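Enquirer: Make a model of this:
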Amino acid sequence: MRFALRSAPRSPRRTIQLRLESNEFARSSSAARGPGLPWWRLAAGAALTAAVLTGCSPTYDWRTITDNSDGYAIDLPAKPTEDERSIDIAGQSLPMHMRAAHLKGAVFAVGTIVLPSDDPQLQRTVLDYLRTGLARNLGVPPNARAIGVPLAAGGQVPALEIALSGTAGDEHEHKMLHAWLVARGRHVYQAVIAADRAPPPEQSDQFFGSFKVF
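Expert: Numbers count the residues shown, from 1 in each chain. Now for the predicted structure:
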């Protein structure tokens with residue numbers, strides 16, 4: 001499945017400025033949950049649950065989120081939830097911050113993995129972990145294509161785009177995932193839509209078209 005990114009008028013949106021310290025995301029509930037699942041699987045699971053509960057069209061209430069600590073800006077279609085957990089990649093425990101907007105039948109989310117250094121090999125390892133993890137969630141090959149993600153200061157940084165569809169959950173319902181993966185310095189980002197069906201193109205355009213890294 002391919003999702004074309006087309007120019008479209010932007011919906012009215014709010015602007016939220018956030019400055020997050022390294023421990024601000026700490027949640028006692030994360031420890032209570034144990035190691036759990038990587039956030040991309042949690043986001044997908046939330047979307048699958050929402051799809052079962054309702055067949056109504058979601059309401060999009062766009063607002064701009066600027067995260068100065070993790071170094072990105074993006075538009076989200078609802079007030080986001082926040083979470084943090086550690087994930088094990090290549091023998092290292094790395095913190096991952098997630099912000100997710102939950103709609104009826106869909107989740108729009110951005111996650112940031114914080115690296116100990118800007119080592120290119122580690123960046124590639126983390127990107128591969130995310131790419132294969134998304135595909136595994138739907139039981140499909142981890143196909144991706146090269147794209148560019150805008151820098152806030154101008155120019156672009158190389159990235160990967162993934163557009164997948166397959167079956168998920170115990171009932172093997174058909175779902176879709178559309179994601180951009182990008183590494184910049186000590187951060188690896190994943191902007192993803194997980195849904196029971198592809199959102200209207202103008203909504204996907206606003207989400208991905210607004211994504212910038214610092």
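Enquirer: show me what contacts residue 59?
Expert: Residues near residue 59 by CB atoms under 8 Å, 6 or more residues apart in numbering: 103, 104. Quick note: C-beta positions are derived from backbone N, CA and C, even for glycine.
Enquirer: isn't there a helix covering it?
Expert: No: residue state for residue 59 (DSSP: H, G, I helix; E, B strand; the rest coil) corresponds to coil; a helix is not indicated.
Enquirer: Buried residues of the longest helix along the chain, list them for me.
Expert: Ranked by residue count and defined by DSSP state H, the top helix of the chain is helix 120-138. In terms of neighbour count (16 or more other CB atoms under 10 Å), helix 120-138 has its buried residues at 122-123, 126-131, 133-135, 137-138.
Enquirer: so which of these comes closest to residue 111?
Expert: residue 130 (8.3 Å; CB to CB).
Enquirer: The closest one and residue 181 touch, don't they?
Expert: Yes: if you go by CB atoms under 8 Å, residue 130 and residue 181 touch, sitting 5.4 Å apart.
Enquirer: Please enumerate the shared neighbours of the two.
Expert: 188, 190.
Enquirer: any low-confidence regions in this structure?
Expert: Within the chain, the segments meeting pLDDT under 70 span 1-57, 169.
Enquirer: Could you save the buried residues of helix 120-138 as CSV and add columns showing distance to residue 163?
Expert: Output for those, formatted as CSV (distance: CB to CB, whole Å):
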residue, distance to residue 163
122, 26
123, 22
126, 20
127, 16
128, 17
129, 19
130, 15
131, 12
133, 16
134, 10
135, 11
137, 14
138, 11
